[in-house]
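Engineer: below is the sequence, then the predicted model.
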Amino acid sequence: ALTEFTTLYSEALAEDGVVGSSFRFIHNNEVIGKAFYGLANREENRPVDEDTIFHWASITKTFCGIAIMQLRDRGLLTLDDPITKYIPELRQVHNPFGSMDDITIRHLMTHTAGFRGATWPWKTQPWHPHEPLHFSQLVAMFPYTQIMFEPGSKWSYSNPAIIFLGRVIEILTTDDWETYIDKNIFKPLEMHRSYFDHTPYFLKKYKSQSYWIDKDGNYIPADPDVNTGITVANGGLKCPLDDFVKYLNFLMGDPQKQERYDFVLKRSTLDEMWTPFIENSYDPRAEIKGMMGLTFFLQERNGVRLVWHSGGQNAYASYFFVHPESKTAY
């Protein structure tokens, strides 16, 4: 099966013009399959290998969700708290469906709050920042922002919703969001080469370079080390796959490390995050309907329950899927 997969994997990547990629398959906390494809950097002719660092984009949102549940389990918040309890400036947003005080942390975690999808839809010039760097820039746009549908009535993917969750973490802990995640998730899971935004000097030689393809088929290097700014809780994660395997092992659980894993988050709380809340589907024609949990996507395929998330930003694309019952993941 691994041979069949790697053949399909390489053919599909070549067809799509992907420069470089890497894959891991995990069973019972062991990597039992891996694959490498192409180059980490075209200019350096450097191949993808075990140490290559990728940008994980929106998969970062799952770390934000876990951090919120840590604070919930520690008694610092409830999922039914109104978001205005922590960010009162949100009362400036136009809500034709009622009071902004009715929008809860749970709405934000399930993408049902009614906020728009894009963080910064007003970028019109190439010199504009990739994303707003400061929360004050986002607050300045609140009076020009509206709630798009009645909160809780449907699902619609929203980057601002997760930014607000990241802000709650900073307010309650007084740590920067990146610092909190490093202290409370990365370090206990021994993800020592995981970081956000700008690459530390000692890791630069492992960082992959992403590329856009123009209409003539030319490869154009993307921003080599994009700063996700205030949107870091949405998509600033960078790490090699071997570090990400440690995260997947935590999600699957390991009897040898369960005490440490429980320090990060209890199994019962992860199960709560993986409880279907509302149906979602990017494509209404899709045969397999997805469900939304608490920041994690859920899917059932041929009776198999899958927990997953994807990420796409700055010419990177990433995915992970976990099957908790068989303790397998990729």
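Structural biologist: Thanks, I have it. Residues are numbered from 1 along each chain as shown.
Engineer: distance check, residue 106 against residue 291.
Structural biologist: For residue 106, the distance to residue 291 equals 15 Å [CB to CB, to the nearest Å]. Backbone N, C-alpha and C define where each C-beta goes, glycine included.
Engineer: over to residue 15?
Structural biologist: 30 Å.
Engineer: who has more neighbours out of these two?
Structural biologist: residue 291 (20 against 8; other CB atoms under 10 Å).
Engineer: leaving out sequence neighbours, find the closest residue to that one.
Structural biologist: The shortest distance from residue 291 to any non-neighbouring residue, by CB to CB, 6 or more residues apart in numbering, is to residue 276 (3.8 Å).
Engineer: the one you found: how many residues sit nearby?
Structural biologist: Neighbours of residue 276 (other CB under 10 Å): 15.
Engineer: my read: it touches residue 297, true?
Structural biologist: No: taking contacts as CB atoms under 8 Å, residue 276 lies outside contact range of residue 297: 10.2 Å.
Engineer: which neighbours do these two share?
Structural biologist: Common contact partners of residue 276 and residue 297 (CB atoms under 8 Å, 6 or more residues apart in numbering): residue 291.
Engineer: returning to what we had before: what's near enough to touch the residue nearest to residue 291?
Structural biologist: Contacts of residue 276 (CB under 8 Å, 6+ apart): 291, 292, 293, 298.
Engineer: could you export the residues you listed as TSV, including secondary structure and pLDDT?
Structural biologist: Below are the contacts of residue 276 laid out as TSV (DSSP: H, G, I helix; E, B strand; the rest coil; pLDDT from 0 to 100):
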residue	secondary structure	pLDDT
291	strand	93
292	strand	96
293	coil	97
298	strand	95
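Engineer: if we only consider the residues you listed, which is nearest to residue 22?
Structural biologist: The closest of the contacts of residue 276 to residue 22 turns out to be residue 298 (CB to CB; 25.2 Å).
Engineer: not counting its neighbours along the chain, what's nearest that closest one?
Structural biologist: residue 291 is the one closest to residue 298 (CB to CB, 6+ apart), at 4.2 Å.
Engineer: with residue 28 instead?
Structural biologist: Residue 28's closest residue in space is residue 327 (CB to CB, 6+ apart), at 5.3 Å.
Engineer: now the residue nearest to residue 291: how far from residue 104?
Structural biologist: Look at residue 276 and residue 104: by CB to CB, they are 18 Å apart.
Engineer: residue furthest from the geometric center of the chain?
Structural biologist: Going by CA atoms, centre = their mean, the residue of the chain most distant from its centre is residue 216, 31.7 Å out.
Engineer: you'd agree it is in a helix?
Structural biologist: No: Residue 216 is assigned coil when assessed by DSSP: H, G, I helix; E, B strand; the rest coil, not a helix.
Engineer: need the strands for the chain, in chain order.
Structural biologist: Here the chain has its strands, by DSSP state E, at 20-27, 30-41, 46-47, 53-55, 195-196, 211-213, 219-221, 237-240, 278-280, 290-292, 297-301, 304-313, 316-323, 328-329.
Engineer: tell me which of these sits nearest to residue 144.
Structural biologist: With CB to CB, the closest approach to residue 144 among these belongs to strand 304-313: 24.3 Å.
Engineer: list the buried ones in the closest one?
Structural biologist: Residues of strand 304-313 classed as buried: 306, 307, 308, 309, 311, 313 (neighbour count, 16 or more other CB atoms under 10 Å).
Engineer: among these, which one sits closest to residue 268?
Structural biologist: Using CB to CB, residue 307 comes nearest to residue 268 of the buried residues of strand 304-313, at 15.1 Å.
Engineer: who's in contact with the closest one?
Structural biologist: Per CB under 8 Å, 6+ apart, neighbours of residue 307: 251, 274, 293, 296, 297, 298, 321, 322, 323, 324.
Engineer: please apply the same query to residue 172.
Structural biologist: 71, 76, 77, 86.
Engineer: from the residues you listed, which land in helices?
Structural biologist: residue 71 (DSSP state H).
Engineer: please spell out the PyMOL selection for the buried subset of the contacts of residue 172.
Structural biologist: Those of the contacts of residue 172 that count as buried under 16+ other CB under 10 Å are selected in PyMOL with:
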select buried, resi 71+77+86
